[in-house]
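Visitor: What shape does this take:
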Amino acid sequence: MKIALVAQHSTPAPGDAATQAGDDARLVEMSRSLADNGHQVTVYARRGSAARPERARLAPGVSVEYVGPADSEADAGRSDDAHLLAQVAAFSRPLHDQWSKDRPDVVHALRWTSGLAALSAARDLSVPVVQTFDSLGVAERRHRMVPAGVGSERIRLEPAIGRTVSAVMAGSSDEESDLTRLGVPRRSIRVVPCGVDTDEFSPEGPSYDRNARHRLVTVADLATEQDALGNLLRAVSKVPGAELVIAGGPPREALRSDLSYRRLAKLADTLDLSGRLFFAGEVGRGALPPLLRSADLFVSVSEYDPSAITSIQAMACGTPVIASAVGYQVDAVVDGTTGILVPPGRPALLAQRIRALLAHPMLLEAYSVAATDRARSRYSWDRIAQETLAVYDTALAA
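Guide: Okay, here's the model as predicted:
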């Protein structure tokens, strides 16, 4: 099967997924896993820089075509919705020209502007288009992830894209529910979560040094998740003998100039967390597995997480998870088996659950074993590739 992956927001570079950042890493892992199943994969990504070559090889069986206009000096590095939407037409024309000469069997668009470009390019070519949104505008607005009035084009167009494509791959049951409320037929939706590299994220491997205290680790954006992190600090203040490592935000050397860090540090002082709270700053992908392995518990207090990817990575490392009972976390964490789900915004209850787990080492070990097993059996890229290919087959049959 010839598969076209359209990722207008992404600029993956040749090299191992571990060297890529965020979305680029997941795109490389996904395309590589599809190719490992014997398929020919071409990724169509944003050019970005004029110095970037027209094409490159990402992995065996995976090539990338860099299309669309190069960014101006003023727009260098921009990947916001407004910028991508303005470039959809220029991005889709080369796709149509390429596919007219070498027609793919299926097109898979990642994110909503890629969906617009893919539908436009495939309009008269009788190629099925599969859509993954990653995150829906209505969900982000509901959780106040974007200012009021921002993203109105996205909120208007995502339902139309979902109703037009051959199939939609939702990342969670929560997203599936949102899609059906937007009018996307349930029969065209399949829940296929994000995968994780279970070789890189595994219980075996180096771990960061730690002291005798119980260690809690969280990964969060200091600015957008400041209120949730404040509740986590209040919870940790009620867990004697435990320390908290917060990864996220600017690089460690730039933390002192970051307003969000200063506010959280001030709150920590009022809660008397001196010596028990550590800000790691931005943590690269290579440093994440050793950090997760060093923890007794991974804690996610995010009130909106469209992929729960870090919770899944923690489980793959054998670290149980305590997470807010929202969104994707409800799918990822098996409450009472691989971790604990807690209603958001309840620091006293969160502290109680943390204390209960840390007081029972055998239960914590049982959760660890179950977490590793779930990550490997449900979220390995091999399984995600098989489920993705099943969606492609359904779209082709239709």
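Visitor: Which parts of the stretch 1-150 of the chain are strands?
Guide: Secondary structure of the stretch 1-150 of the chain (DSSP state E, counting those that start in this stretch): strands at 2-7, 40-48, 55-59, 62-70, 106-110, 129-132.
Visitor: In TSV, list these along with mean pLDDT and mean neighbour count.
Guide: C-betas here are computed from N, CA, C, even on glycine. Below are those laid out as TSV (pLDDT from 0 to 100; neighbours: other Cβ atoms under 10 Å):
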stretch	mean pLDDT	mean neighbour count
strand 2-7	97	24
strand 40-48	93	23
strand 55-59	91	17
strand 62-70	91	20
strand 106-110	98	27
strand 129-132	98	26
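Visitor: Distance to Ala398 added to these, as TSV?
Guide: Formatted as TSV, the strands of the stretch 1-150 of the chain follow (distance: least, Cβ to Cβ, whole Å):
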stretch	distance to Ala398
strand 2-7	17
strand 40-48	21
strand 55-59	29
strand 62-70	26
strand 106-110	11
strand 129-132	11
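Visitor: For Ala385, give me its contacts.
Guide: Residues in contact with Ala385 (Cβ atoms under 8 Å, 6 or more residues apart in numbering) are 30, 33-34, 36-37, 195.
Visitor: how many neighbours does Arg32 have?
Guide: 20 (other Cβ atoms under 10 Å).
Visitor: list the contacts for it?
Guide: With contacts defined as Cβ under 8 Å, 6+ apart, Arg32 is in contact with 17, 58-62, 381.
Visitor: Show me which of the contacts of Ala385 are buried.
Guide: 30, 33-34, 36, 195 (16 or more other Cβ atoms under 10 Å).
Visitor: State the pair within those that is farthest apart.
Guide: Largest separation among the buried ones among the contacts of Ala385 by Cβ to Cβ: Asp36 and Gly195, giving 12.2 Å.
Visitor: Distance of Leu216 relative to Pro250?
Guide: For Leu216, the distance to Pro250 (Cβ to Cβ, to the nearest Å) stands at 22 Å.
Visitor: between these two, which one's more packed in?
Guide: Neighbour count, other Cβ under 10 Å: between Leu216 and Pro250, Leu216 has more, with 24 against 16.
Visitor: Identify the farthest-apart pair in the contacts of Ala385.
Guide: Asn37 and Gly195 (13.1 Å).
Visitor: Neighbours of Ser188, how many?
Guide: Ser188: 19 neighbours (other Cβ under 10 Å).
Visitor: Not counting residues beside it along the chain, what's closest to it?
Guide: Nearest non-adjacent residue to Ser188, counting by Cβ to Cβ, 6 or more residues apart in numbering: Ala167, 5.3 Å away.
Visitor: Could you report the neighbour count for the one you found?
Guide: 23.
Visitor: Mind listing the residues bridging to it?
Guide: When assigned by DSSP bridges, Ala167 has beta-bridge partners Val130.
Visitor: my guess is it contacts Val191, does it?
Guide: No. Between Ala167 and Val191 there is no contact under Cβ atoms under 8 Å: 11.7 Å.
Visitor: Common neighbours of the two, please.
Guide: With Cβ under 8 Å, 6+ apart as the test, Ala167 and Val191 reach no residue in common.
Visitor: OK, contacts around Arg46?
Guide: 7-11, 66-68, 79, 84, 87, 91.
Visitor: now do Leu157
Guide: Here Leu157 is in contact with 112, 116 (Cβ under 8 Å, 6+ apart).
Visitor: three-state assignment of it?
Guide: Three-state assignment for Leu157 (DSSP: H, G, I helix; E, B strand; the rest coil): helix.
Visitor: State the distance from it to Asp80.
Guide: The value you get for Leu157 to Asp80, if Cβ to Cβ is used, is 15 Å.
Visitor: just Val283 next, same as before
Guide: Val283 is 24 Å from Asp80, by Cβ to Cβ.
Visitor: Same check on Ala359?
Guide: For Ala359 relative to Asp80 (Cβ to Cβ), the value is 46 Å.
Visitor: Is it correct that Val245 falls within a strand?
Guide: Yes. Applying three-state DSSP, one finds Val245 inside a strand.
Visitor: oh, and call the first residue 15 from now on, that's how I've got it
Guide: Sounds good: first residue 15 from here, last item Val259.
Visitor: number of nearby residues for it?
Guide: 19.
Visitor: Tell me how far it lies from Glu218.
Guide: Val259 is 21 Å from Glu218, by Cβ to Cβ.
Visitor: you'd agree Ser77 is up against Ala59?
Guide: No. Here Ser77 lies out of contact with Ala59, judged by Cβ under 8 Å, at a distance of 10.7 Å.
Visitor: center of the chain - which residue?
Guide: Ser321 (4.5 Å; Cα atoms, centre = their mean).
Visitor: Now do the same contact list for it.
Guide: 148, 185, 207-208, 342.
Visitor: again, 10 Å this time
Guide: 40, 148-149, 185-186, 189, 207-208, 341-343, 346 (Cβ atoms under 10 Å, 6 or more residues apart in numbering).
Visitor: List the contacts of the nearest residue to it once chain neighbours are set aside.
Guide: Leaving out its chain neighbours, the residue that sits closest to Ser321 by Cβ to Cβ, 6+ apart is Cys208, at 4.6 Å. Cys208 makes contact with 40, 43-44, 146, 148, 185-186, 320-323, 326, 342, 346, 393, 395, 398 under the criterion Cβ under 10 Å, 6+ apart.
Visitor: out of the residues you listed, which are inside helices?
Guide: 40, 43-44, 323, 326, 342, 346, 393, 395, 398 (DSSP state H).
Visitor: on that earlier part again, looking at Val297 and Asp94 now, which is surrounded by more residues?
Guide: It is Val297, of Val297 and Asp94, that has more neighbours when counted by other Cβ under 10 Å, with 20 against 11.
Visitor: And the more buried one, how far from Gly263?
Guide: 10 Å.
Visitor: of the buried ones among the contacts of Ala399, closest to Ala385?
Guide: Closest to Ala385 out of the buried ones among the contacts of Ala399 is Gly209 (16.0 Å), distances taken as Cβ to Cβ.
Visitor: I'd like the distance between that closest one and Gly197.
Guide: Counting by Cβ to Cβ, the gap from Gly209 to Gly197 is 29 Å.
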